[in-house]
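Participant: sequence first, then the predicted structure, then my questions.
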Amino acid sequence: MFREMPVYNHRDGHQAAAVPPPGSSKIGVCELKFRKPCSFYNIETKYVNMADINYKVPVKLTPLPERSANLRAAGVETADFQWEIIELLFFAYRDFVGDADAVLQEFGFGRAHHRVMHFVSRYPGLKVADLLEVLRITKQSLGRVLKQLIDEGYIVQRSGDNDKRQRLLFATAKGEALVTKLAGLQTKRIAHALKGVTEADNNAVRSFLRHMIDLNEPDKVLQAVMGSSGTARGSS
């Protein structure tokens, strides 16, 4: 049998809402004899992202020896995996680009805008086709980013002197200023990381990064970075 409860109308008078008695854990239980449509509501409803809820649950990590044993049982040998370096590279890159992300957000830009501005600023007259090879993104994706940067005055596009079909990209003074600001933040982090490092260790870091790059089909910009060309401005 349902408990009889008082029914209170909303101020607009459109519907009735059932209100539970003090101390009751049930919400909106209506006596059948009212035969009126009832609406039920929660006071101070709060919408929560499921990711936030899941985040509060402590993560239970499987011990490394147990995970290794499980992988070996599945026929996967991980003894030679460079787990530490893999994870260090991830976190180093996350924080390296994160310094610039905060500034880019103020302008409504993302990492794709930063990459485009960086290489256009470093290599004036860079062709759109060459930029596509560097970034390895679709022409449509580059087109959207370039349009915003051109419309907002960070980059200009000009036709080639010998081939009018070529689209050459140049950074404006406004674009140069933003690239310099972002590079300053990243240089500061690099300088902090290399503080107290010997020249030999510094060279070892450069050598490691160079060997991490796939040189099977180097584009023009990569050739310049690797020392095959001297077109990069301010290169050491």
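Facilitator: Sure, I can see it.
Participant: what mean pLDDT does the helix ranked longest in the chain have?
Facilitator: Counting by DSSP state H, the longest helix found in the chain is helix 83-106. Helix 83-106 comes out with an average pLDDT of 94.
Participant: quick check: buried residues in that helix?
Facilitator: 100-101, 104 (16 or more other CB atoms under 10 Å). Just so you know, the C-beta spots here come from the backbone N, C-alpha and C atoms, and that holds for glycine as well.
Participant: now these in JSON lines, with distance to Trp83?
Facilitator: Conversion of the buried residues of helix 83-106 to JSON lines gives the following (distance: CB to CB, whole Å):
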{"residue": "Ala100", "distance to Trp83": "28"}
{"residue": "Asp101", "distance to Trp83": "26"}
{"residue": "Leu104", "distance to Trp83": "31"}
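Participant: tell me, how many residues neighbour Thr180?
Facilitator: 11 (other CB atoms under 10 Å).
Participant: how does the protein divide up, domain by domain?
Facilitator: 1-60, 84-225 (automatic domain parsing).
Participant: okay, those domains in a markdown table with distance to Ala69 next?
Facilitator: Shown next, in a markdown table, are the domains of the chain (distance: least, CB to CB, whole Å):
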| stretch | distance to Ala69 |
| --- | --- |
| domain 1-60 | 17 |
| domain 84-225 | 20 |
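Participant: quickly compare those domains and say which is most buried.
Facilitator: domain 84-225 (a mean of 14; mean count of other CB atoms under 10 Å).
Participant: endpoints of that one, how far apart?
Facilitator: Terminal residues of domain 84-225 lie 27 Å apart, using CA to CA, to the nearest Å.
Participant: and stretch 186-202, by the same measure?
Facilitator: Using CA to CA, one end of stretch 186-202 lies 17 Å from the other.
Participant: who touches it?
Facilitator: When contacts are defined by CB atoms under 8 Å, 6 or more residues apart in numbering, stretch 186-202 is touched by residues 95-96, 99-100, 205.
Participant: over to stretch 123-133?
Facilitator: Applying CB under 8 Å, 6+ apart, the contact partners of stretch 123-133 are 116, 119-120, 139, 142, 146, 160, 166-171, 219-221, 224, 231-233.
Participant: tell me which entries of those lie within strands.
Facilitator: Counting by DSSP state E, the members of those that fall within strands are 167-171.
Participant: min pLDDT across the residues you listed, which one?
Facilitator: Sorting these by pLDDT puts Arg167 at the bottom of the list (85).
Participant: could you measure from the closest residue in space to that residue that isn't next to it in sequence over to Phe96?
Facilitator: Setting aside the residues directly before and after it, Arg167 is nearest to Val128 in space (CB to CB, 6 or more residues apart in numbering), at 4.6 Å. Here Val128 is placed at a distance of 27 Å from Phe96 (CB to CB, to the nearest Å).
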